[in-house]
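Student: next come a sequence and a model predicted from it.
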Amino acid sequence: MAKTATAAASVRFPSIEKCDTSGENRQAIAADLDGTLLISRSSFPYFMLVAIEAGSLLRGLILLLSFPIIAIAYVFVSEALAIQMLIYISFSGLKVRDIELVSRAVLPRFYASDVRAESYEVFEKCKRKVIITANPTIMVEPFVKEFLGGDKVIGTEIEVDPKTRKATGYVKKPGVLVGKWKKLGVLKEFGEEKPDIGIGDRASDHDFMSICKLIIFLDLVHHFQGGLYGTSETAKPLPLDRLKSRLIFLTRLVQRPTPLNALITYIWLPFGFLLSLIRVYLERIVRYTYPMLGINLVIKGNPPPPPSPGSPGNLYVCNHRTALDPIVIAIALGHV
């Protein structure tokens, strides 16, 4: 891996700011996703989201504990093996329907905040937009097409049991889409008409970029120093209002579950669970104790009066996936 990085570092590519993307150069683009259209070059947080939201907290914990092994596999063995491990732990045994639901309702919120502005400027100007990625197609396609305006996603295809419609954790041939398989995927998609622009961020992107007319390589030195979880310190995120669609999401997580964020969250879980029990049950015994337990309750407007004969009550619908919401609403209404 180190030799590959050194060899790649000796290859000179024009920076994205100096590349001419005007006129005929805007016809077709083939772009990588992680580290290219996205600021972060690691797909771990997105696999973690699938593991937790489509699976369970236990599956997410197993993935987190496996991260050191996955990182070692990425650095010392191959990128393909690391991605295969991520797919197996995150996807095996999950219903395809649940994976698709997470890809549409949860992942876009986190992908959207990670879009790299300068890469998107080039991507948006092209007429034909193709993403080539090692990530599973099922995971990234909804976001790419709906929010980035992409026409096609060429990614790793997961294997599905035809009887149960569950992911097996393995991938279809030719395997994880890295290196030469990315190049073959681009050739199959474009045929003799080569992409006008190829944009990537790592050595394994060289194969497909080599057949493009104009090559853009991002943050070369920084990325090779960054390792598995490197990010660009100079890259700016795209404003959310620049996306093709309005962002509507449903998720239990506030921050992107990087390895560090996920570790802190799992360490906090038992304490948070205990604190939630105290907050809920103590309020039922002794009124108005929630300020002492760190809850800042802000009520806007006048709560409706309780139901009375001839005056029906109000039905409140909570759409968050937590049992705490109705309890807080009851406290705000004074019905606890």
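Tutor: That came through fine. Numbering: from 1, shown residues only.
Student: off-centre distance for the lengthiest helix in the chain?
Tutor: Longest helix in the chain, counting residues (DSSP state H): helix 259-285. On the basis of Cα atoms, centre = their mean, to the nearest Å, helix 259-285 sits 25 Å off its chain's mean C-alpha point.
Student: go ahead and produce PDB holding the CA coordinates of the strand or helix carrying residue 170.
Tutor: Assigned by DSSP states H and E, residue 170 belongs to strand 167-171. This file holds the C-alpha atoms of strand 167-171, laid out as PDB (Å, rounded to 0.1, in the frame of the first residue of the first chain):
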ATOM      1  CA  ALA A 167     -28.700  -9.600   1.900                       C
ATOM      2  CA  THR A 168     -26.200 -12.500   2.300                       C
ATOM      3  CA  GLY A 169     -23.300 -10.100   3.200                       C
ATOM      4  CA  TYR A 170     -21.500 -11.100   0.000                       C
ATOM      5  CA  VAL A 171     -21.200  -9.300  -3.300                       C
END
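Student: residues touching it, excluding its own?
Tutor: Strand 167-171 is contacted by residues 84, 87-89, 91-96, 99, 136, 156-161 when judged by Cβ atoms under 8 Å, 6 or more residues apart in numbering. C-beta here means a position set from N, CA and C on the backbone, and glycine is covered the same way.
Student: return the alpha-carbon coordinates of the helix or strand following that strand using PDB.
Tutor: Counting by DSSP H and E, the element after strand 167-171 in chain order, helix or strand, is helix 180-190. What follows is helix 180-190, C-alpha atoms only, in PDB (Å, rounded to 0.1, in the frame of the first residue of the first chain):
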ATOM      1  CA  LYS A 180      -9.400  -2.300 -12.700                       C
ATOM      2  CA  TRP A 181     -13.100  -3.100 -12.000                       C
ATOM      3  CA  LYS A 182     -13.900   0.600 -11.800                       C
ATOM      4  CA  LYS A 183     -12.200   1.000 -15.200                       C
ATOM      5  CA  LEU A 184     -14.200  -1.900 -16.700                       C
ATOM      6  CA  GLY A 185     -17.400  -0.500 -15.200                       C
ATOM      7  CA  VAL A 186     -16.800   2.900 -16.900                       C
ATOM      8  CA  LEU A 187     -15.900   1.200 -20.200                       C
ATOM      9  CA  LYS A 188     -19.100  -0.800 -20.100                       C
ATOM     10  CA  GLU A 189     -21.200   2.300 -19.400                       C
ATOM     11  CA  PHE A 190     -19.600   4.600 -21.900                       C
END
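Student: just the buried positions in helix 180-190, please.
Tutor: 181, 182, 183, 185, 186, 189, 190 (16 or more other Cβ atoms under 10 Å).
Student: nearest to residue 152, of the residues you listed?
Tutor: Nearest to residue 152 among the buried residues of helix 180-190 is residue 189, at 6.4 Å by Cβ to Cβ.
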